[in-house]
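Participant: Here is my input; please provide its structure:
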Amino acid sequence: MEHRSRATNRVIFFSMIILSIVFLAPIFIVLMNSFKGQFFISDAPFVFPTAQTYAGGKNYINGVEKTGFFSAFGYSMFITVFSVAAITLCTSMTAWFIVRVKNKFTTGLYYLFTFSMIVPFQMVMFTMSKTANVLGLDNPVGIILIYLGFGAGLSVFMFSGFVKSIPLEIEEAAMIDGCNPIQTFFLIVFPILKPTAITVSILNTMWIWNDYLLPYLVIGNKYRTIPIAVQYLQGGYGSKDMGALMAMLVLAIIPIVVFYLSAQKYIIKGVVSGAVKG
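Facilitator: Numbering: from 1, shown residues only. This is a model prediction of the structure:
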C-alpha cells in the first residue's frame, strides 16, 4: 500500500508540473516575443530572440507611447481600487443584515443576489450601457457603482456563508457593552470576516483589472483602461504592431500577477471558510 501511495503521489506531482508548464507557456511566449522586432514575431513566434531579432526595450517604449499606458494604468488603478473597496464593504454589511435579520424580505434579497450570479452579462450589457449613459454613470466614478452591482452576487453569497459561522453571543455581548449596530459590525464582525474579505477582494481585483467589455461599453475610448488601451494596438489589417502589443501585454500582466502571488494564500482559506461553514 505504501509503495502504491508513493507511485500515486509521483503521478500527481508530475501531472501538476505538466499542467503548470501548459498554463505558464503562453505567458512565457508573450514575454519572449516582447523582446523581438515586430517583423520577426509572426515568422518565428516560438523561437528565442537572436542577435538579429532582438529589439531590446524598443517595443516597450513604442507601446507606452502609442497607448498612453500610464494614463490607462491610472484609470485602471482608480477603478479597480475603489470598486473593490465598495464591493467588499457594502456586500459584507448586506450579508450580515441578511443573515441576522431573518424574514421574508431578507430571504428574497438573498435569493435575488444568488440568482444574479447565473444571469449572463451578454443578456443585460446593451440595456446596462444605455442606462449608464442616461444616468451619467459613463465615467470612472460611475462605473464603480456598476461594478458594485455586478460583483454583489458572489460576494454576498461568500460573506453570508461566513457570517453564519460567527456565534451570535459575540454580537450580543457587544450590544450589552453599549455598541450600536454600526459599531458592532465594524469593531466586532468585520475583523472576524477578514479571511473572506481578503478572498473577495482578490477575486474582484483580478476580474476588474482584466475586464475589457464592461469598461469598453460604459466609458469607451474617453477613459481608456489598460485592456482597452492594449486592444487599440491591434490596428487595421497590415498595421498591427505585434512587438508593442506583446510588450503591453507583459506590462498589463505584471501588477495583477504580483498582487495575486502576494495574497494567494488567502484564496483557498477564504473560499472554504465562506462556503463550507455556511
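Participant: Just give the number of residues close to Ile41.
Facilitator: 24 (other C-beta atoms under 10 Å). Using the backbone N, CA and C atoms, a C-beta is placed for each residue, glycine as well.
Participant: For it, give its distance to Thr53.
Facilitator: Counting by C-beta to C-beta, to the nearest Å, the gap from Ile41 to Thr53 is 9 Å.
Participant: cool, and Asp138?
Facilitator: 43 Å.
Participant: Ok, Val124 next?
Facilitator: 46 Å.
Participant: do Ile61 as well
Facilitator: Going from Ile61 to Thr53 by C-beta to C-beta gives 17 Å.
Participant: of the two, who's got more company?
Facilitator: Thr53 (17 against 13).
Participant: How about that one, nearest residue that isn't a chain neighbour?
Facilitator: Leaving aside its chain neighbours, Thr53 sits nearest to Phe40 (4.1 Å; criterion: C-beta to C-beta, 6 or more residues apart in numbering).
Participant: so where does that neighbour fall, helix or strand?
Facilitator: helix 38-41 (DSSP states H and E).
Participant: CA atoms of that helix as PDB?
Facilitator: Extracted in PDB, the C-alpha atoms of helix 38-41 (Å, rounded to 0.1, in the frame of the first residue of the first chain):
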ATOM      1  CA  GLN A  38       7.700  43.100 -34.800                       C
ATOM      2  CA  PHE A  39       8.500  41.700 -38.200                       C
ATOM      3  CA  PHE A  40      10.100  38.500 -36.700                       C
ATOM      4  CA  ILE A  41       7.300  37.600 -34.300                       C
END
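Participant: same question for it, mean pLDDT?
Facilitator: Taken as a whole, helix 38-41 has an average pLDDT of 79.
Participant: again, but for stretch 52-62
Facilitator: Summarised as a single mean, pLDDT over stretch 52-62 is 85.
Participant: so how far is it off the chain centroid?
Facilitator: Put simply, stretch 52-62 sits 30 Å off its chain's centre (C-alpha atoms, centre = their mean, to the nearest Å).
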